[in-house]
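S.K.: What follows is a predicted structure for the sequence shown.
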Amino acid sequence: MKQVSSIIELLSSAHVTGEDVAQHLRAIGDCEITVTRHARGDVSTDFISIEIPGLDREAPRLGIVGRLGGIGARPTVSGLVSDSDGAVVALASAAKMLEMARNGDTMPANVLIHTHICPRAGTRPNHPVPFMKSPFPMREMMMHEVSQRMDAILSIDTSRGNRLVNHRGVALTPVAKQGWLLPIPDMLLDVMGWVSGELPVTLPLTTQDITPYENGLPHVNSIMQPAIVTPAPVVGVAITAQTTVPGCATGATNAWDTDVAMRFCVEVAKLFGERKLAFFNEDHWQQLQARYGSLAHLQTVGREA
């Protein structure tokens, strides 16, 4: 909770930059951080990539992507918006892992954490509530947020703007991999139950939710967009609510729920780095490929209608 509270306070500023976040994390512990300012016209954001060093650099690397349109919607509204949760959880996870290492509990493998800091993002119409607008086209965002060095990905995103999950807390999506939707591993459900103390909740997806935004079809939100640019399996970690909440709503960030999501990410990073948790069954994956072939074309915009 301390890490979540600190990150919420840090991001609750109209002037916060990616470099401010990097300085905050460097003061906690040893890690590699890169901040890349991306600007075009009057729009800009700071992409931040963090690599937490682990004990075994050859072990599988978990990627944690904090997905969002922006942490603020200034000048339309002032303050931290609901959509910021992805960045809050990703950065709090980095802070927690750095503190653990400082106290003698180094992660078993390197962990890659990517997100972006945009205090002045726009909004866009959406039913039943408006969404935050990505500062740049989604595939352009993904080129910064997803690394091909990530062997599996947790994508965290505020998901309060739908009626699919009428529950306040954290929900998991099925695994998306190269156009396929695969079962949620039992161990991921176990870990969610352990860290939340509640029965695990899932966010249902449709095939079009794992296709690129550029095809113009409706999507539940951008939580699964990392899956369009990587062969690695992707699981969405959705911050949910009982009611529908606009992405640009302020005062909506729930520190308890983001703390649950942060602790889930840390525990998954441990198990994945120790090779005790797989995001998909390799035998079943090979059978799907042999029987039905590749669905990787769903990672593209497809044919023009």
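M.R.: Done, it's in.
S.K.: Quick check: phi and psi at residue 231.
M.R.: Reported as degrees, to the nearest 10, the phi and psi values for residue 231 are phi -80, psi -10.
S.K.: Could I get the pLDDT score of the closest residue in space to it that isn't next to it in sequence?
M.R.: Spatial nearest neighbour of residue 231, excluding adjacent residues (Cβ to Cβ, 6 or more residues apart in numbering): residue 178 at 5.6 Å. C-betas here are computed from N, CA, C, even on glycine. pLDDT, residue 178: 97.
S.K.: just the helices in this protein please.
M.R.: Using DSSP state H, the helices of the chain run over residues 2-11, 18-26, 85-102, 138-145, 186-196, 255-273, 282-292.
S.K.: just so I know, which of the ones you listed lies nearest residue 212?
M.R.: helix 138-145 (6.5 Å; Cβ to Cβ).
S.K.: who's in contact with the closest one?
M.R.: 36, 38, 47, 49, 65, 67, 114-116, 134-135, 212-214, 222, 225-226, 228-229 (Cβ atoms under 8 Å, 6 or more residues apart in numbering).
S.K.: Recalculate using a threshold of 7 Å.
M.R.: Identification of contacts with helix 138-145 by Cβ atoms under 7 Å, 6 or more residues apart in numbering yields 36, 47, 65, 114-116, 134, 212-214, 222, 225-226, 228-229.
S.K.: likewise stretch 188-197?
M.R.: 169, 170, 172, 199, 200, 235, 260, 263, 264, 267, 268.
S.K.: quick one, which of the helices of the chain is packed in tightest?
M.R.: Greatest average neighbour count among the helices of the chain goes to helix 85-102 (a mean of 25), per mean count of other Cβ atoms under 10 Å.
S.K.: so for that helix, what's the average pLDDT?
M.R.: The average of the pLDDT scores along helix 85-102 is 97.
S.K.: hey, C-alpha coordinates of it in CSV?
M.R.: In CSV, the C-alpha atoms belonging to helix 85-102 read as follows (Å, rounded to 0.1, in the frame of the first residue of the first chain):
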residue,chain,number,x,y,z
ASP,A,85,-4.7,3.0,-12.7
GLY,A,86,-2.5,1.1,-15.3
ALA,A,87,0.4,3.4,-14.7
VAL,A,88,-0.2,3.4,-10.9
VAL,A,89,-0.1,-0.4,-10.7
ALA,A,90,2.9,-0.8,-13.0
LEU,A,91,5.0,1.9,-11.3
ALA,A,92,4.0,0.7,-7.8
SER,A,93,5.1,-2.8,-8.8
ALA,A,94,8.5,-1.5,-9.8
ALA,A,95,8.8,0.4,-6.5
LYS,A,96,7.8,-2.8,-4.5
MET,A,97,10.3,-5.0,-6.4
LEU,A,98,13.1,-2.4,-5.8
GLU,A,99,12.4,-2.2,-2.1
MET,A,100,12.3,-6.0,-1.9
ALA,A,101,15.7,-6.2,-3.5
ARG,A,102,17.1,-3.6,-1.2
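S.K.: roughly how far is it from the heart of the chain?
M.R.: 13 Å (Cα atoms, centre = their mean, to the nearest Å).
S.K.: same question, stretch 135-150
M.R.: Offset of stretch 135-150 from its chain centre (Cα atoms, centre = their mean): 12 Å.
S.K.: do the same with stretch 156-171
M.R.: 13 Å.
S.K.: Pull up the distance across that stretch, start to finish.
M.R.: End-to-end span of stretch 156-171 (Cα to Cα, to the nearest Å): 10 Å.
S.K.: Also stretch 63-79?
M.R.: Terminal-residue distance, stretch 63-79 (Cα to Cα): 28 Å.
S.K.: How about stretch 195-206?
M.R.: Stretch 195-206 has an end-to-end distance of 27 Å (Cα to Cα).
S.K.: With stretch 162-179 instead?
M.R.: End-to-end for stretch 162-179, by Cα to Cα: 23 Å.
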